[in-house]
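Participant: I would like to see how this sequence folds:
(one chain, ligands or ions: 2)
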Amino acid sequence: MSLKLLLNGSRGRMGIAISAIAEANNAEIVSACDTGDDPRSQIDACEAIIDFSFHEVTAGIAELAVEKNLPLVIGTTGHTSEEKAQILATVEGKIPVVWAGNYSVGVNTLNYLTRKAAAILGEQYEPEVLEMHHHHKKDAPSGTAERLIEILKDGYQIADEQVVHGREGLVGARPRKEIGVHAIRGGDIVGEHTVYFCGDGERIELTHRATDRKIFAQGAVRAAQWAVGKAAGVYNMEDVLGLTD
Ligand SMILES: NC(=O)C1=CN([C@@H]2O[C@H](COP(=O)(O)OP(=O)(O)OC[C@H]3O[C@@H](n4cnc5c(N)ncnc54)[C@H](OP(=O)(O)O)[C@@H]3O)[C@@H](O)[C@H]2O)C=CC1
Ligand SMILES: O=C(O)C1=N[C@H](C(=O)O)C[C@H](O)C1
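Facilitator: Numbering: from 1, shown residues only. Ligands and ions are numbered 1, 2, ... in the order given. As a prediction, the model looks like this:
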């Protein structure tokens, strides 16, 4: 049976990618919404909501999902901490939500490998994160990089103020407890992420390169199908893929 979806952000790069793969992935876009559209107009015919739009928009979509008791997949990135808190307060304990900065199987495997590598390598190997995206991208660091930073902070017991975004000027020697984060923007790069573990005499680099947005689209539809019938809660794509150990 095909899953009936409300797709918010349907004319954007991700919306178009989701529409292209929907039918082959047992999903149907019943309601396609963009700026100015009323997401309520066909909501009663939908079984789940997928949001790939803009950070300011997600909180309202989350309210609608709760009101209609529908599972929600959040793909949008770039939320402020206030927006994140507002979305969480709206959905927690009410509906199943999958919320991930990256829905590809590859990046979620990178997340898993990063957690394992940090545990094996320990503090002798200094972590840095590099992300590269197309020139249209509005937020930095990427949602994917934010998740990688979370995993590294957890693994290395690093605090928020020890995460350094870019370096410039006389910054001094690198403290052992630090995560450097770097964002490149240009051209049509779909999305690339590298986690570096820099040691003394060797360096490990874990890289994911996206070459087609269908990987995010397929993952988001898979997440929506997974969320149907799940208990209320906020899940990520690692939960969907069973990569949580
Ligand atoms: N989690 C993941 O795996 C991935 C996440 N992303 C994230 O998804 C988001 C969208 O990316 P992308 O498709 O490239 O961006 P685009 O700019 O191409 O598309 C954004 C879409 O959102 C719509 N939109 C903007 N404001 C509203 C609004 N108020 N109500 C309804 N729709 C609105 C736009 O409509 P209009 O043009 O009419 O304004 C447009 O269709 C970004 O945050 C990006 O970082 C991207 C790829 C993968
Ligand atoms: O905006 C994009 O394009 C992408 N955004 C996501 C992110 O912020 O990590 C995922 C992917 O890298 C593409």
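Participant: residues in contact with the residue of the chain found nearest ligand 1?
Facilitator: Per C-beta to the nearest ligand atom, residue 12 is where the chain lies closest to ligand 1, at 1.9 Å. C-beta here means a position set from N, CA and C on the backbone, and glycine is covered the same way. Residue 12 sits next to 34, 52, 53 when contact means C-beta atoms under 8 Å, 6 or more residues apart in numbering.
Participant: if you rank these by neighbours, which is first?
Facilitator: residue 52 (25 neighbours; other C-beta atoms under 10 Å).
Participant: quick check, that one in contact with residue 16.
Facilitator: No: taking C-beta atoms under 8 Å as the definition, residue 52 is not a contact partner of residue 16, at 10.0 Å.
Participant: secondary structure, distance to residue 159 and pLDDT for the contacts of residue 12 - can I get that in JSON lines?
Facilitator: Below are the contacts of residue 12 laid out as JSON lines (DSSP: H, G, I helix; E, B strand; the rest coil; distance: C-beta to C-beta, whole Å; pLDDT from 0 to 100):
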{"residue": "34", "secondary structure": "coil", "distance to residue 159": "39", "pLDDT": "98"}
{"residue": "52", "secondary structure": "coil", "distance to residue 159": "31", "pLDDT": "98"}
{"residue": "53", "secondary structure": "coil", "distance to residue 159": "32", "pLDDT": "98"}
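Participant: dump those residues to a markdown table, plus distance to residue 178.
Facilitator: Below are the contacts of residue 12 laid out as a markdown table (distance: C-beta to C-beta, whole Å):
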| residue | distance to residue 178 |
| --- | --- |
| 34 | 41 |
| 52 | 32 |
| 53 | 34 |
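Participant: pLDDT (mean, whole number) over the biggest helix by length in the chain?
Facilitator: Using DSSP state H to define each element, the chain has its longest helix at helix 105-121. Over the span of helix 105-121, the pLDDT mean works out to 98.
Participant: near ligand 1, which residues of the chain show up?
Facilitator: Residues of the chain that fall close to ligand 1, judged by C-beta under 6 Å from any ligand atom: 8-9, 11-15, 33-35, 52-54, 57, 75-78, 100-103, 139, 143, 216.
Participant: just the closest of the contacts of residue 12 to residue 238, please.
Facilitator: residue 52 (19.0 Å; C-beta to C-beta).
Participant: now that closest one: how far from residue 58?
Facilitator: Noted for residue 52: a distance of 10 Å to residue 58, by C-beta to C-beta, to the nearest Å.
Participant: and for these two, which residues touch both?
Facilitator: In contact with both residue 52 and residue 58: residue 76, using C-beta under 8 Å, 6+ apart.
Participant: and stretch 197-215, end to end?
Facilitator: Taking C-alpha to C-alpha, to the nearest Å, the first and last residues of stretch 197-215 lie 26 Å apart.
Participant: may I see the buried residues of that stretch?
Facilitator: Neighbour counts over stretch 197-215 (16 or more other C-beta atoms under 10 Å) mark 197, 198, 206, 208, 210, 213, 214, 215 as buried.
Participant: so in terms of bridging, what pairs with the residue of the chain found nearest ligand 2?
Facilitator: Going by C-beta to the nearest ligand atom, ligand 2 is nearest to residue 191 of the chain, at 2.8 Å. For residue 191, the beta-bridge partners are residue 210 (DSSP bridges).
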